[in-house]
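> model the structure of this input:
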Amino acid sequence: MSSKQISTGYTVALNNASDPGPSINNSKQVLPELVDTDELDEKQNIDDRHRDEDVMIATHKATLRNPNIGEDTKAHIRQVLSEHGVNIDS
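Numbers count the residues shown, from 1 in each chain. This is a model prediction of the structure:
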């Protein structure tokens, strides 16, 4: 979740007349702490990139075990994994 989404949620809580007092008080306290949203967004982007790379590596590893995949494709996958620092035994 991006910092913009987080701050929007707190802003909505502040403006919701039916919201209970503790929720409004919490929003008033937390919103000023979200002033530096660029830092939060950058952390989220880094987390997303790491997760995306982990998924890519796992997918490539699974593809290597698929008996329906040709040897040329498997050789390419091994090369890609090697470029990402993953050693696969042939």
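
> buried residues in stretch 68-84?
By 16 or more other C-beta atoms under 10 Å, the buried positions in stretch 68-84 come out as Lys74, Ile77, Arg78, Leu81. Every C-beta, even on glycine, is put in place using the N, C-alpha and C of the backbone.

> now Asn51: how far from Ile57?
Check again: residue 51 is Arg, not Asn. Between Arg51 and Ile57 the distance, using C-beta to C-beta, to the nearest Å, works out to 11 Å.

> these two: which is more packed in?
Ile57 (15 against 10; other C-beta atoms under 10 Å).

> contacting residues for that one?
Leu81, His84, Val86 (C-beta atoms under 8 Å, 6 or more residues apart in numbering).

> let's have those residues in JSON lines, adding distance to Pro22, pLDDT and secondary structure.
Formatted as JSON lines, those follow (distance: C-beta to C-beta, whole Å; pLDDT from 0 to 100; DSSP: H, G, I helix; E, B strand; the rest coil):
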{"residue": "Leu81", "distance to Pro22": "50", "pLDDT": "92", "secondary structure": "helix"}
{"residue": "His84", "distance to Pro22": "47", "pLDDT": "87", "secondary structure": "coil"}
{"residue": "Val86", "distance to Pro22": "48", "pLDDT": "89", "secondary structure": "coil"}
